[in-house]
Structure formats: C-alpha cells, structure tokens
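Asker: no FASTA, just this:
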Ligand code: HEM
C-alpha cells in the first residue's frame, strides 16, 4: 500500500522509467531495453491491497485504489484528479490501428551483406561482404483486424527496416510476389471489396468475388492467393517479395530495375485450407506464437535476401510491362543474385512501443536505391507517412523507434534526378496489360494435387457469390485454362449439392 508520498515518488519514477524506456527503445541500438523497472512499478501500483489494511485504508484519502468520495459510499468527486488521470491514461494508452496490415508481430536482429552489390548500387550497407546493420521486422496480415486468425487465407506482410549509416532503408514485402491491381488509384475500391460489408459488418463473399470479376489483372494474384500458398501457419517459413520494382543506381549513375526476394533459410512451407480452418479455431495466434517461442528458445530465424536486376531498356522488348506489379520476372532470364542474410534473434519486450509504433515507409530509401515508375509504388510514396501522421500523430518521426539522428525532409532520397522524361499528361492504362499469360503459366506449373486444391479453394468461396459475379469470374478462369474453369464449376456443383462451402 502506498501513502501519498510513496505514491507520488513512485509515479515520478514511473514517468522517468517510461521516458527512459522510450529513449532506449530505438530498436536500432540493439541494446536490451531495461523495461522491467517500469513494469515493476506498474504492478506494484495495481497490486490489490493486503486484506488487513483495507478497512483501515478505506477512511484515508491516501488510498489510491479507491476513488475520492463523500463518505464511504458517497458520490465520487469531480475534483478527483487521480481518478481522472488514471482513466485518461488508460483511454489514451493505445495508438490507432493501421488502416491495412492491422494484426502483426515483431522481431529484431541484424542483416549481414554476403555479396558486394557495388557494381549495381551505391547503397553504403551493400558495398562490402560482412557489413552488418541492425534490423527491425514486422510480419502482418494484410487484410485483418486484431482478431483475424493467423492461418486464414490472406497476404502476409513482411517489412524490414535496415538501420544503416545513411539512414533507414525500409523494405516492405508481401509473402506473394504479385499484386491485385496495377494503379494505386484503385486501392480504395479493392480494399473496400475485401472488407466486411458496411451494411452489417459481416464478410460478404459477393464483395470479395466482385473484385476478381471487375479487375482482370487480379487473375494472376487469384492463382497465388487461392493456391495453398495463401494459407500459412509459420512466419519462419514464408518467402517475401517486394512486389513492386525499385531502381538501383551505382556510383557511375547507371540505373537498373530491381525486385527483392526473401528466402526462409528453414524452407518455405504452407498448409491446406482444411488445416488452416482447424488451426484458426485451435490457436488464432499460432504464427505469432511460433515466431516468438522460436526466438525465445534461442533459435534464430533467418532469411536470405536475393535480387533480380533488369536493364530498363529490356522493357521495350518484353511481352509485358516489367513495372506492372501484377507480373513476375522470369527467373531464368533475370536470375536471383544473393545479397545477404537476415538473422532475427530478439523478441520485443514492449510491443506497443517497439513494434506498433514502427512507421515503415517505402519512401525511406538510401542513396543508390530509388523508386521506379511503377504506378502502385508511386502511389505508395506519400500515403504511408500520411497514414502514420494520422495513426501516430504529426510527430511520428520523433518516436524513438522512428527517430533518425538529424533527420530533415532534405534527407529523403528523391528518385530519378537527372532523368529526362517527357510526354502528354493523361490518365491511361498500360499498352500491354496481358492479364492471363502468367496466370496460365502459374496454373500449368502446379502438380495435380495443387490444381485440385486451387479449384476447390476458389469454388468454396465463389459458390457464395451472386450468379453474375460467378459467371464473370469463371470467364476469367476460362482464359487461364478451360480445365481450371471446368474443375471450379464441378466443385461448385458439389458444394451446392452437399450444402458445403
Ligand atoms: C497503392 C497501393 C497501396 C497502398 C495505398 C497501401 C497502403 C498502406 C497503408 C496505409 C499501410 C499502413 C501504414 C501504417 O499505418 O503504418 C500499409 C501497410 C503495409 N503495406 Fe501497403 N499499400 C499499398 C500496396 C502495397 C503493396 C504492393 C505492398 C507489397 C509489398 C504493400 C505492403 C505493405 C506492408 C507489408 C504493410 C505493413 C507495414 C507494417 O508492418 O507496418 N502495400 N499499406
């Protein structure tokens, strides 16, 4: 039990500890944040009073586990600033959730360059083998709320902050290599179709499947998301893809397009829909727990970084637009070059401060790494800090986990300096959309079991959509492969007959 003096002393210590904790929680300094002291004080403050003291303390003004009242049962005084502060602290203790990628988990460690990339980029941390920089990583579920089960069909986010001598380089990746659309202006529409109905807040298959009906360019993503790669139980076993192409520029000013790929050293693994649904009931946080427990047991979680590089001139001869994020680059034509290895060794000690407040931004680049003209990436360049101003406040860059020494807007890397670009201003689609070729290649690469699962995964959702939406989606599938469309139709009949979806 605290008397007044003890309490105010404790409160002061607590405030000090919190400030200290924040300062020490710049994830990049890799020190273990000494947070225990702060928690201990919190625990002491919240600990129930020993029973023998309760009656005696009831009559005292110093008992901060009770509101200030007139008499024992009397009304609570508005002047009770202790009560007011306590409740305000509680109400304002959380930040707003992310608009996308809401549910997530964090881990920290380091990235070591294994192969010099000097030939391709002047980025300081990629010049010499064995250079090492601290990293912060957040894994997430793209379309989620805080209660979304980890295993359900979804895109997983895989964001890494490299804390380099030249500033933060944020590499935001997804676990699937292609995206739904090729122009950022369509994002609000597709996110709204993936979200619960505004009428009743329930998931509505018609909304989701109307997305695949409306956007033919999403057909390639459909092949990836509705294969068993869309269901995952361990983040230690996912790949990561930048999806968008960026630009690397070397010291001589030569520009190359680059796509990033993470490979889990423990191997890539996924599960099927049935297993995903079973695990969603058993442990909705299974992927986060698996990550945390592995690191807590001292088992490092590792990924290898590789890149594909392309001469921008190739865009003139390729059958598709290499800056279209609904497309992959052929790995035989653009081989994966090893760059380095990331090792995650440390769990967060305070998720709210160290992970939730991380403000990843595809515009956090370092000299030698720039944007390409990919229309989705260009749309992303300013919306992340806008979202973070709203979510974390206008001072989000000064939150310890986001703070870079001597940062000012002039530290941002502006892409494309020196390029000469001209043309008529317009709103137009790309000349070579080619929405189905890669989807067909993907489908043809599947084994018999993978083809069967894809058809049944699509059918179990599509069967719930309206007839016209089903008709259009089946038409897109027909363009991919008549055999796939037929398999989905058969599965849908089966679902309707058995009343199972
Ligand atoms: C125009 C298209 C897109 C828009 C408008 C958009 C917007 C956003 C926004 C607003 C957030 C939340 C930011 C925050 O509050 O901190 C977010 C998070 C994220 N986005 Fe995007 N996004 C787009 C496309 C993509 C693509 C193509 C990728 C693929 C790599 C991607 C990967 C991520 C990841 C991994 C996160 C989670 C970051 C974290 O863990 O904090 N996004 N996005």
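Answerer: All right, it came through fine. Note that the structure is a prediction, hence the values are computed from the model and not measured.

Asker: residue numbers of this structure in contact with the ligand?
Answerer: 98-101, 104, 138, 140, 157, 159, 172-174, 179, 184, 187, 242-244, 325, 358-360, 376, 379-380, 383-384, 387-388, 391 (Cβ under 6 Å from any ligand atom). All C-beta spots, glycine's among them, are computed from the backbone N, C-alpha and C.

Asker: pick out the residue of the protein closest to the ligand.
Answerer: residue 157 (2.8 Å; Cβ to the nearest ligand atom).

Asker: quickly list what the closest residue to that residue other than its chain neighbours is bridged to.
Answerer: Leaving aside its chain neighbours, residue 157 sits nearest to residue 140 (3.7 Å; criterion: Cβ to Cβ, 6 or more residues apart in numbering). Judged by DSSP bridges, the bridge partners of residue 140 are residue 104, residue 157.

Asker: please shift the residue numbers so they start at 26 in all later answers.
Answerer: Happy to do that; since the first residue is 26 now, the last one works out to residue 165.

Asker: give the burial count for residue 165, as a bare number.
Answerer: If you count neighbours by other Cβ atoms under 10 Å, residue 165 ends up with 24.

Asker: residue 225 now?
Answerer: The number of residues near residue 225, taken as other Cβ under 10 Å, comes to 8.

Asker: which residues touch residue 168?
Answerer: 125, 179-180, 216, 219-220 (Cβ atoms under 8 Å, 6 or more residues apart in numbering).

Asker: go on, residue 250?
Answerer: Applying Cβ under 8 Å, 6+ apart, the residues near residue 250 are 178, 180, 201.

Asker: turn the residues you listed into a markdown table, columns for pLDDT.
Answerer: Output for those, formatted as a markdown table (pLDDT from 0 to 100):
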| residue | pLDDT |
| --- | --- |
| 178 | 98 |
| 180 | 98 |
| 201 | 98 |
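
Asker: tell me, what residue is most central in this structure?
Answerer: In the chain, the centroid-proximal residue (Cα atoms, centre = their mean) is residue 182; its distance is 3.3 Å.

Asker: residue 196 against residue 285, yeah?
Answerer: Yes. With contact defined as Cβ atoms under 8 Å, residue 196 reaches residue 285; the gap is 6.0 Å.

Asker: so for those two, which residue has more residues nearby?
Answerer: Comparing residue 196 with residue 285 by other Cβ under 10 Å, the one with more neighbours is residue 196, at 24 against 20.

Asker: show me which residues of stretch 372-384 are buried.
Answerer: Across stretch 372-384, burial judged by 16 or more other Cβ atoms under 10 Å covers 372-375, 378-384.

Asker: can you point out the buried residues in stretch 460-476?
Answerer: 460-461, 463-465, 467-468, 471, 476.

Asker: pretty sure residue 206 contacts residue 349?
Answerer: No. Taking contacts as Cβ under 8 Å, residue 206 lies outside contact range of residue 349: 9.9 Å.

Asker: helix, strand or coil: sort out residue 459 for me.
Answerer: coil (DSSP: H, G, I helix; E, B strand; the rest coil).

Asker: now do residue 163
Answerer: Going by three-state DSSP: residue 163 is strand.

Asker: count the residues that sit near it.
Answerer: Around residue 163 there are 22 residues (other Cβ under 10 Å).

Asker: which residues touch it?
Answerer: 129-131, 182, 184, 380, 383, 385.

Asker: next one: residue 251
Answerer: 178, 479, 482-483, 486.

Asker: restricted to helices, list those residues.
Answerer: 479, 482-483, 486 (DSSP state H).

Asker: measure stretch 361-378 end to end?
Answerer: 36 Å (Cα to Cα, to the nearest Å).

Asker: and for stretch 373-386?
Answerer: Stretch 373-386: ends 20 Å apart by Cα to Cα.

Asker: can you list contacts of that stretch?
Answerer: So stretch 373-386 is in contact with 46-47, 50, 52, 57-58, 60, 118-120, 129-133, 161, 163, 184, 186, 195, 197, 409-410, 413, 417, 421-422, 424-427, going by Cβ under 8 Å, 6+ apart.

Asker: for it, the distance to its chain's centre please.
Answerer: Centroid separation between stretch 373-386 and its chain, computed with Cα atoms, centre = their mean, to the nearest Å, is 12 Å.

Asker: same question, stretch 330-345
Answerer: For stretch 330-345, the distance to the chain centre is 26 Å (Cα atoms, centre = their mean).

Asker: stretch 493-503 now?
Answerer: 30 Å.

Asker: ditto for stretch 409-428
Answerer: With Cα atoms, centre = their mean, you get 16 Å for stretch 409-428.

Asker: buried residues in it?
Answerer: 409-410, 412-413, 416-417, 421-422, 424-427.

Asker: pretty sure residue 231 sits in a strand.
Answerer: No. Looking at residue 231 with three-state DSSP, it is helix, so not inside a strand.

Asker: any idea how far residue 272 is from the nearest residue to residue 191 once chain neighbours are set aside?
Answerer: Spatial nearest neighbour of residue 191, excluding adjacent residues (Cβ to Cβ, 6+ apart): residue 391 at 4.2 Å. Taking Cβ to Cβ, to the nearest Å as the measure, residue 391 falls 13 Å from residue 272.

Asker: now residue 514: how far from residue 487?
Answerer: Applying Cβ to Cβ to residue 514 and residue 487 gives a distance of 10 Å.

Asker: what do those two both touch?
Answerer: residue 499.
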